[in-house]
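# I'll drop the sequence and a predicted model, then ask my questions.
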Amino acid sequence: FRLSRHGNQSRPSIHPGAISAPNPDPPTAPRTVAEALASPQREEWLGSMRTKIRSLRELAVIHEINRREPDEIIINSVWVFKIKSNSVYRARLAACGNRTR
């Protein structure tokens with residue numbers, strides 16, 4: 001803003017475009033995959049999920065199965081979404097603890 005003289009008093013004079021208005025509805029992190037895919041940030045969430053899956057595969061943490069062996073335990077998982085302070089979209093795959101050993 002710029003100070004301008006009006007009579008004997010100084011009052012701030014705000015010019016259009018000088019100050020940006022805060023975003024009225026900042027994006028919030030979805031609670032489910034369905035919410036993430038239905039959100040305007042769909043592509044950001046999909047990219048984050050793909051990155052996480054690729055990383056887990058490279059580290060041999062997860063793998064696809066065609067047939068479950070009798071001695072194998074399948075552990076359910078949930079996606080957890082978060083928008084970091086620097087506007088980075090993060091998705092992580094969390095194992096449901098009630099089935100882990």
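It's in.
# for the chain, which spans come out with low pLDDT?
1-24, 98-101 (pLDDT under 70).
# Now the phi/psi pair for residue 81, please.
The phi and psi torsions at residue 81 (degrees, to the nearest 10) take the values phi -110, psi 150.
# What ranges does the chain have for its strands?
In the chain, the strands defined using DSSP state E lie at 2-6, 9-13, 77-83, 89-95.
# Residue 30 reaches residue 40, doesn't it?
No - applying CB atoms under 8 Å, one finds residue 30 not in contact with residue 40, separated by 11.0 Å. Using the backbone N, CA and C atoms, a C-beta is placed for each residue, glycine as well.
# the more surrounded of those two?
residue 30 (21 against 7; other CB atoms under 10 Å).
# what's the closest non-adjacent residue to the more buried one?
residue 36 (4.2 Å; CB to CB, 6 or more residues apart in numbering).
# Surely that neighbour and residue 79 touch.
Yes - with contact defined as CB under 8 Å, residue 36 reaches residue 79; the gap is 7.3 Å.
# residues bridging contact with those two, i.e. touching both?
Listed as contacting both residue 36 and residue 79 by CB atoms under 8 Å, 6 or more residues apart in numbering are 49, 91.
# out of those two, which sits in the busier spot?
Between residue 36 and residue 79, counting by other CB under 10 Å, residue 36 is the more crowded of the two (21 against 17).
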